[in-house]
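Peer 1: next input, structure requested:
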Amino acid sequence: MKNQLAGTGALLRLALRRDRVMMPVWTLVTTVMVVSMPGSLGSVYATAAERARAAASMNANSSMRALYGPVFGDSLGALTAWRGGVYAAVLAAAMSLIIVVRHTREEEETGRQELLSAAMVGRRAPLTAALLTALVANACVALLVAGGLAGQGAPGAVALGLAVAATGTFFACTAAIAAQLTESARAAKGITAAVLGAAFVLKAAGDAGTEGGRSALTWASPLGWVENVRAFAAERWWVLLLFAAAVTVQAGAAYALAGRRDLGMSFLPSRPGPAEGRLGTAGALAWRLQRGSVLGWSAGFLVAGVVFGGMADGAADLVGDNDRTREIIERMGGQGGAGGAGAQVAQGALTEAFLATMAGMFGMVAALYAVSSVLRLSAEESGRRAEPLLANAVGRLRWAGGHLAVAFGGSALILLLAGLGLGLGHGREPGAAIGAALAQLPAVWLIGALAALLYGAVPQYAAAAWAVAGGALALGWVGPALNLPQAALNLSPFAHLPRLPGAQALDPAPLLVLTVLAAALTAAGLGALRRRDTVA
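Peer 2: You can find the predicted model right below:
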C-alpha cells in the first residue's frame, strides 16, 4: 500500500499550485455569502419579536421550507444557518467535485497522468492527492465560516462550518467514485452534479411535506443533514457522524475501484459506434456532443420555474409589512419606482417584482450553462479530439460555430422553458413570464461571447470566464441584500436589463446594446481562433 501512495506529496503540492487562484476565490465567495448574512438579516429583522414572527411564518410556508428548509431558532445565527447553510454546502460541494475530477479523470483524459505515472508515482497517489486537495479547501471554508460567525455564538459557528465542509468532503468522495466509473471528466462531473441535484430535490420534497426536518426524504439527503445539525439552535453534533460514515464508505469504494482498473480505463466505457442519425455537419456533431447537457438543463429550469412560480403569490404575505425586505425584493426585481423602503407596495406589484427577481436569477444561472457550453470547445481541443476534424474539410469557424450555436441556442431554450415554468406555476398567462425570462438573453449571450473571446484569443485563460459568470451571479444574488452601491451592481450586465414583468415601459436600447456587444465579442473570438495555433 505504501508503494501505491508514492509521490502523493508531490502531486498534492502540484494540485495546490494549479488551484492557487480558483480555490481561494471559491472559498472566499462561499464564506462571504455566509458571514455577511447576520448584518443583512439584522437590518431586515431588527428585533427578537420580528425574527420570531418571521421564523413562524417561514416554517408555516411549505414553499419556503422546500427552498431553504425549516427555521430552528430566532437568533441571527439561526436565521443565517437557515438562509445560507444549505446553499453554502452546495457551493462547497461544487468546488469539491471540480477539484477532484480535475486532478483525477481530467488528468488521465488529457494524457498528463500517463507522463506523471512514468515516474515514481503510486497507483492510488493521484486519487489521494485530489481528495487531500479538496479536504484542504473545505477545511479553509470551515475555519473561515466558524471564525466569521463566532460573534453569533462559537458552538453554532463551529457546527455550521463543519457541516458545510463535511458536505464538500462528501461530494469530493462522490466525484472520486464517478471518476473511476466514467471515461471522461465531463461525464464524471455530470454524474456528481446529478447526485447533488437529487440530494437537493430529496431535501426540498421532505421539507415541503413535513415541518422540522423530520421527513425520511430529508434524512436521505446529505443536504438534509446540514440543516439537521441545527447550528445556533441546540446543535446536534452526532449528525456529523453521518457525514464521517458516508465519507469513509465512499472513499473506500473509490480506492477499491482505482485499484481494479488500468490508467485511462473505466468501468463504464463509452460504446463505440455506429452512430445513429446524421452527423454530416459540424453543428450536428456539436449537438450530438452537447444534447445531454442541453436537455438536462432544460428539464431543471422547467421544474424550477414551476416551483418558483408557485411561490409568487405568497411573496407579499410572507414579507408582510417589513419595509426592508420589500426594498430588497424590489431592488432585485427592479420596481424601484414604487416609492422606496417606506412605501406601501401593492401585493400585485410585489408579486411582479418577485417574478422579475426569479427571471433574473434564471438568467444569471443560465450564464453558467453558456460558459460551460462554449468552453466545450476548449475541452475538445485540449483532448485532441478537434485535430482529426480540422485535418479534414472542416474549417475552424464551422467547427467552433457549431458549438457556439448550441451554446447560444441552448441558452434561449432553457430560459424559454424557465419562463414557461414560471407562468404555469403562477397559474396565469405564461406570456409575460416567458418574456421576462427571454429578456435575460442578451446578458447571457454577452458572458458566453466573452468566454468565446477568451478561448479564441488566450485559450490558457479561458477558464476565467467562470469567474465572470460567478461574479455576475454573486452580485445579483447577495448584492441587493448587502445594500451594495448601484455602481457595484452595474458591473454585471444583468443590472442593465429591463425588469419584467411589471416595468412601466420596455426600453429596447439596453437589449440591443448588449446583443451587439455579444456579437462583436463572438466575432473577435472567432477571428482570434482562426489566426492562432491549436493548443499542443
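Peer 1: CA only for contacts and neighbour counts going forward, please
Peer 2: OK.
Peer 1: ok, now which ones touch residue 28?
Peer 2: residue 141 (Cα atoms under 8 Å, 6 or more residues apart in numbering).
Peer 1: can you rerun that using 10 Å?
Peer 2: Contacts for residue 28 (Cα atoms under 10 Å, 6 or more residues apart in numbering) come out as 34, 140, 141, 144, 145.
Peer 1: ok, residue 248 next?
Peer 2: The contact partners of residue 248, by Cα under 10 Å, 6+ apart, come to 170, 173, 242, 254.
Peer 1: which one of those residues is nearest to residue 528?
Peer 2: residue 173 (39.3 Å; Cα to Cα).
Peer 1: determine which two of the contacts of residue 28 are furthest apart.
Peer 2: Pairwise over the contacts of residue 28, using Cα to Cα, the maximum falls at 34 and 140, 13.8 Å.
Peer 1: point out where the stretch 401-536 of the chain drops to low pLDDT.
Peer 2: Along the stretch 401-536 of the chain, the parts satisfying pLDDT under 70 run over 478-483, 502-505, 535-536.
Peer 1: just the helices in it please.
Peer 2: 431-438, 441-457, 464-478, 486-489, 508-531 (DSSP state H, counting those that start in this stretch).
Peer 1: circling back: mind checking which of residue 34 and residue 140 has more residues around it?
Peer 2: Using other Cα atoms under 10 Å as the criterion, residue 34 and residue 140 rank with residue 34 on top: 23 against 19.
Peer 1: average pLDDT across stretch 248-259?
Peer 2: Taken as a whole, stretch 248-259 has an average pLDDT of 92.
Peer 1: may I have it as PDB, with CA atoms only?
Peer 2: Extracted as PDB, the C-alpha positions of stretch 248-259 are listed here (Å, rounded to 0.1, in the frame of the first residue of the first chain):
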ATOM      1  CA  THR A 248     -15.500   6.600   4.800                       C
ATOM      2  CA  VAL A 249     -17.700   4.300   2.800                       C
ATOM      3  CA  GLN A 250     -17.400   6.300  -0.400                       C
ATOM      4  CA  ALA A 251     -13.600   6.800  -0.100                       C
ATOM      5  CA  GLY A 252     -13.200   3.100   0.400                       C
ATOM      6  CA  ALA A 253     -15.200   2.400  -2.700                       C
ATOM      7  CA  ALA A 254     -13.200   4.900  -4.700                       C
ATOM      8  CA  TYR A 255      -9.900   3.400  -3.600                       C
ATOM      9  CA  ALA A 256     -11.100  -0.100  -4.400                       C
ATOM     10  CA  LEU A 257     -12.200   0.900  -7.900                       C
ATOM     11  CA  ALA A 258      -9.000   2.700  -8.500                       C
ATOM     12  CA  GLY A 259      -7.000  -0.400  -7.800                       C
END
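Peer 1: enumerate every residue touching residue 364.
Peer 2: Counted by Cα under 10 Å, 6+ apart, residue 364 has contacts 358, 440-441, 443-444, 447, 469-477, 492-494.
Peer 1: low-confidence stretches in this protein?
Peer 2: For the chain (pLDDT under 70), the answer is 1-2, 63, 117-119, 264, 269-280, 313-350, 478-483, 502-505, 535-536.
Peer 1: which neighbours do residue 34 and residue 140 share?
Peer 2: In contact with both residue 34 and residue 140: 28, 161, using Cα under 10 Å, 6+ apart.
Peer 1: beyond the helix or strand harbouring residue 172, next helix or strand please.
Peer 2: Using DSSP states H and E, residue 172 sits within helix 154-181. Following helix 154-181 in sequence order, the next helix or strand is helix 185-209 (DSSP H and E).
Peer 1: how far does that following helix sit from the chain's center?
Peer 2: When distances are taken as Cα atoms, centre = their mean, to the nearest Å, helix 185-209 is centred 12 Å away from the chain's centroid.
Peer 1: what of stretch 223-241?
Peer 2: 23 Å.
Peer 1: now stretch 424-440
Peer 2: Relative to the centre of its chain, stretch 424-440 is centred 23 Å away, using Cα atoms, centre = their mean.
Peer 1: for the residue nearest to residue 231 when sequence neighbours are not counted, give its distance to residue 232.
Peer 2: The shortest distance from residue 231 to any non-neighbouring residue, by Cα to Cα, 6 or more residues apart in numbering, is to residue 156 (4.5 Å). For residue 156, the distance to residue 232 (Cα to Cα, to the nearest Å) stands at 4 Å.
Peer 1: now do the shared contacts for these two.
Peer 2: Common neighbours of residue 156 and residue 232, using Cα under 10 Å, 6+ apart, are 77, 78, 81.
Peer 1: for those residues, which one is nearest residue 65?
Peer 2: For the shared contacts of residue 156 and residue 232, the nearest to residue 65 is residue 81 (13.3 Å; Cα to Cα).
Peer 1: which residues touch the closest one?
Peer 2: The neighbours of residue 81, taking Cα under 10 Å, 6+ apart as the test, are 34, 37-38, 68-69, 71-73, 75, 87-88, 156-157, 159-161, 226-227, 229-233.
Peer 1: so which of those residues sit within helices?
Peer 2: 34, 37-38, 68, 87-88, 156-157, 159-161, 226-227 (DSSP state H).
Peer 1: any chance of these in TSV, plus distance to residue 375?
Peer 2: Shown next, in TSV, are the ones in helices among the contacts of residue 81 (distance: Cα to Cα, whole Å):
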residue	distance to residue 375
34	30
37	33
38	37
68	32
87	25
88	25
156	40
157	38
159	37
160	34
161	33
226	33
227	35
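Peer 1: ok, and the most crowded of the residues you listed?
Peer 2: residue 160 (33 neighbours).
Peer 1: pretty sure it contacts residue 225?
Peer 2: No. With contact defined as Cα atoms under 10 Å, residue 160 does not reach residue 225; the gap is 11.1 Å.
Peer 1: what do these two both touch?
Peer 2: Both residue 160 and residue 225 are contacted by 86, 166, under the criterion Cα under 10 Å, 6+ apart.
Peer 1: and of the ones in helices among the contacts of residue 81, the nearest to residue 194?
Peer 2: Relative to residue 194, the closest of the ones in helices among the contacts of residue 81 is residue 87; by Cα to Cα it sits at 16.1 Å.
Peer 1: distance of that closest one from residue 223?
Peer 2: As judged by Cα to Cα, residue 87 and residue 223 stand 9 Å apart.
Peer 1: so what sits against both of those two?
Peer 2: Common neighbours of residue 87 and residue 223, using Cα under 10 Å, 6+ apart, are 164, 200.
Peer 1: one step back: can you redo the helices of the stretch 401-536 of the chain as TSV with mean neighbour count and distance to residue 189?
Peer 2: Below are these laid out as TSV (neighbours: other Cα atoms under 10 Å; distance: least, Cα to Cα, whole Å):
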stretch	mean neighbour count	distance to residue 189
helix 431-438	23	27
helix 441-457	27	20
helix 464-478	20	15
helix 486-489	12	31
helix 508-531	18	27
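Peer 1: can I get these in CSV with distance to residue 50?
Peer 2: Conversion of the helices of the stretch 401-536 of the chain to CSV gives the following (distance: least, Cα to Cα, whole Å):
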stretch, distance to residue 50
helix 431-438, 33
helix 441-457, 38
helix 464-478, 22
helix 486-489, 28
helix 508-531, 40
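Peer 1: those helices: which one's closest to residue 386?
Peer 2: Closest among the helices of the stretch 401-536 of the chain, once you apply Cα to Cα, is helix 508-531, at 12.9 Å.
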